[in-house]
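1. 3D model of this:
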Amino acid sequence: MDYTMLILRLTHIFAGVFWVGATLSTSVYLRTTTEIAARTRLATAMTVAGILNVLAGYAMYWLDSDGFSSAWIHSGPGIGFAIGGAFGLVGLILRILANRNMKTLSKRSNEPSENLVALERKLARLDLLNTWALVIAVLFMATARYLVI
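-> Next comes the predicted model:
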């Protein structure tokens, strides 16, 4: 049994489930998550899960592709996992940017509301883009093994 691949796969799956689940929960059910995320450190936990997920995913891709050198990369699954990984990386970057805006917004919460409107809009856009990036990543990860290209 390949224990390295087992540990990477479990890390990838569990971190991904938490990351995407928390993202969908906050974007669908908790529209105003700035205070909740700041107080409970949810955004930090989501970012850590995203980092673990992306690192484990890229390590598995590297192992499956024999160091990015095999013909598997050009197969349907290789391309599907690469697209899913790219969208996962975009989601992670958007999460990090959203965290920065969230910190700025929570620091400026005592300012007049008109000063905060632009930040709130930017945060909402980042959260929406992050959610869609992760949904697309999950779709490609779940179906990559079945792609024929």
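
2. In the helix or strand hosting residue 100, which residues are buried?
-> Using DSSP states H and E, the element containing residue 100 is helix 76-107. Buried positions in helix 76-107, judged by neighbour count with 16 or more other C-beta atoms under 10 Å: 77-85, 87-95, 97-99, 101-102, 105. For the C-beta atoms, the positions are set from N, CA and C on the backbone; glycine is no exception.

3. So, low pLDDT: which residues of the protein?
-> 1, 30-40, 109, 111-112, 115 (pLDDT under 70).

4. change it to 90
-> Counting by pLDDT under 90, the chain has low-confidence residues at 1-3, 22-46, 68-71, 98-124, 126-127, 147-149.

5. what residues are up against residue 73?
-> 65, 79, 82 (C-beta atoms under 8 Å, 6 or more residues apart in numbering).

6. from those, which single one is nearest residue 132?
-> residue 82 (18.4 Å; C-beta to C-beta).

7. hang on, the closest one packs against residue 61?
-> Yes. Taking contacts as C-beta atoms under 8 Å, residue 82 lies within contact range of residue 61: 7.2 Å.

8. coming back round to it: against which helices or strands is the helix holding residue 100 packed?
-> helix 3-28, helix 34-40, helix 42-64, helix 113-143 (3 or more C-beta pairs under 8 Å, 6 or more residues apart in numbering; DSSP states H and E).

9. Could I get the buried residue list for stretch 114-126?
-> Neighbour count says stretch 114-126 has 116, 119, 123, 126 buried, by 16+ other C-beta under 10 Å.

10. Surely the third one is in contact with residue 103?
-> When you say that, I think you mean residue 123. No. If you go by C-beta under 8 Å, residue 123 and residue 103 don't touch, sitting 10.5 Å apart.

11. picking that back up, ok, the buried residues of stretch 114-126 vs residue 8, which is closest?
-> residue 126 (28.5 Å).

12. what's the distance between that closest one and residue 100?
-> Separation of residue 126 from residue 100 (C-beta to C-beta, to the nearest Å): 9 Å.

13. ok, now residue 132?
-> 19 Å.

14. can you check residue 45 too?
-> Residue 45 is 16 Å from residue 100, by C-beta to C-beta.
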